[in-house]
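Asker: Pasting the sequence and the predicted model now:
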Amino acid sequence: IFSGHTMMLVMGYLVVRDYSPRRFFFLHWLSLGLSVSGVVMLLLGRGHYSIDVVLAYYVTTRLWWVYHSLANSTSLRAMGRHNFLGKLWWWRIFAFWERKVPGPVPEKYSLPLPRAWRERVSQSRLCCWRTDGSLERV
């Protein structure tokens, strides 16, 4: 009684929304529209019952928010008497995964290209652009 299809659609939207720059609002809306239309198509095609879809949405979003709340809060990741989450079975796995992360992941974006290609692109930009932003012919 759980829709894995809905989970993947919702998870895809959450990844796009949370890990892309805020200025990519068109991408965010497009991702939301595609996710919602995918869920609607699942229901119209009678691929899942409504309760399957609602349960998958509820569980997926709650797990996403809990995980990211824990990962972004250093006080919640610290072991000690104040943290009752340390008694849960999955706590040591979570602490192992997040042990080298000092805090929230910084929002830095770059082109997904090999380093040599990125350097070539940045050098080609430097040769043609002035510091005031105007184009200079070389």
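Answerer: Done, it's in. Numbering: from 1, shown residues only.
Asker: same for the lengthiest helix in the chain, what does it pack against?
Answerer: Criterion DSSP state H: the longest helix present in the chain is helix 50-72. With contacts defined as 3 or more CB pairs under 8 Å, 6 or more residues apart in numbering; DSSP states H and E, the packing partners of helix 50-72 are helix 4-19, helix 25-44, helix 74-77. No exception for glycine: its C-beta is placed from N, CA and C like everyone else's.
Asker: Return the distance of the residue nearest the centre of the chain relative to Val36.
Answerer: Per CA atoms, centre = their mean, the C-alpha nearest to the average position across the chain is that of Val15, at 2.9 Å. Separation of Val15 from Val36 (CB to CB, to the nearest Å) stands at 16 Å.
Asker: Buried residues in the longest helix of the chain, which are they?
Answerer: Neighbour-count burial for helix 50-72, counted by 16 or more other CB atoms under 10 Å, picks out 52-53, 55-57, 60, 71.
Asker: May I see these arranged in JSON lines, with pLDDT and distance to Phe25 as well?
Answerer: Formatted as JSON lines, these follow (pLDDT from 0 to 100; distance: CB to CB, whole Å):
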{"residue": "Asp52", "pLDDT": "89", "distance to Phe25": "31"}
{"residue": "Val53", "pLDDT": "89", "distance to Phe25": "26"}
{"residue": "Leu55", "pLDDT": "92", "distance to Phe25": "29"}
{"residue": "Ala56", "pLDDT": "91", "distance to Phe25": "26"}
{"residue": "Tyr57", "pLDDT": "92", "distance to Phe25": "22"}
{"residue": "Thr60", "pLDDT": "94", "distance to Phe25": "23"}
{"residue": "Ala71", "pLDDT": "83", "distance to Phe25": "25"}
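Asker: Quick check: pLDDT value at the residue nearest to the centre of the chain.
Answerer: Looking at Val15, its pLDDT stands at 91.
Asker: List of residues touching the longest helix of the chain?
Answerer: 1-7, 10-11, 14, 18, 39, 42-43, 76-77, 85, 94, 98, 101, 103-104 (CB atoms under 8 Å, 6 or more residues apart in numbering).
Asker: Can you list the low-confidence ranges for this protein?
Answerer: 109-111, 122-138 (pLDDT under 70).
Asker: related to what we said a few turns ago, which of the contacts of helix 50-72 count as buried?
Answerer: Among the contacts of helix 50-72, the ones that count as buried by 16+ other CB under 10 Å are 3, 5-7, 10-11, 14, 39, 42, 77, 94.
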